[in-house]
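Student: Need the 3D shape of this:
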Amino acid sequence: MKVTVDVDCTPEEARRFLGLPDLGPIHAAYIEKMQKAVADGITPDMAGDMMKAWGPMSEAGLGLWKQMFDQMSGKK
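Tutor: Numbering: from 1, shown residues only. So this is what the prediction gives:
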């Protein structure tokens, strides 16, 4: 026996039904912060901080990113 159920709802309705949190305000704050960073210009130091926050990388991996950004900005 096979039973199929079709649910017609919006993503917002599904989120509420499943009890998931509303991340809209957090997403809006993140987008605003990223737009400000792009408008002000991203420095190699800021990029390094973002890489640290985005994922677990070894010190060697962070050193590689720093070297790449230093070369792009003309630092030696």
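Student: the domain parsing of the protein - what is it?
Tutor: Annotated domains of the chain cover 8-41, 42-76 [automatic domain parsing].
Student: Of the ones you listed, flag the one that's most buried.
Tutor: Highest mean neighbour count of the domains of the chain: domain 42-76, a mean of 11 (counted as mean count of other C-beta atoms under 10 Å). C-betas here are computed from N, CA, C, even on glycine.
Student: Does anything pack onto the longest helix seen in the chain? Which helices or strands?
Tutor: Of all the elements of type helix in the chain, the one with the most residues (DSSP state H) is helix 24-40. Under the contact definition 3 or more C-beta pairs under 8 Å, 6 or more residues apart in numbering; DSSP states H and E, helix 24-40 sits against no other helix or strand.
Student: Looking at the domains of the chain, which is nearest to Met1?
Tutor: Evaluated with C-beta to C-beta, those place domain 8-41 nearest to Met1, the distance being 23.5 Å.
Student: rank the domains of the chain by mean pLDDT and give me the bottom one.
Tutor: Note on the domains of the chain: domain 42-76 shows the lowest mean pLDDT, a mean of 73.
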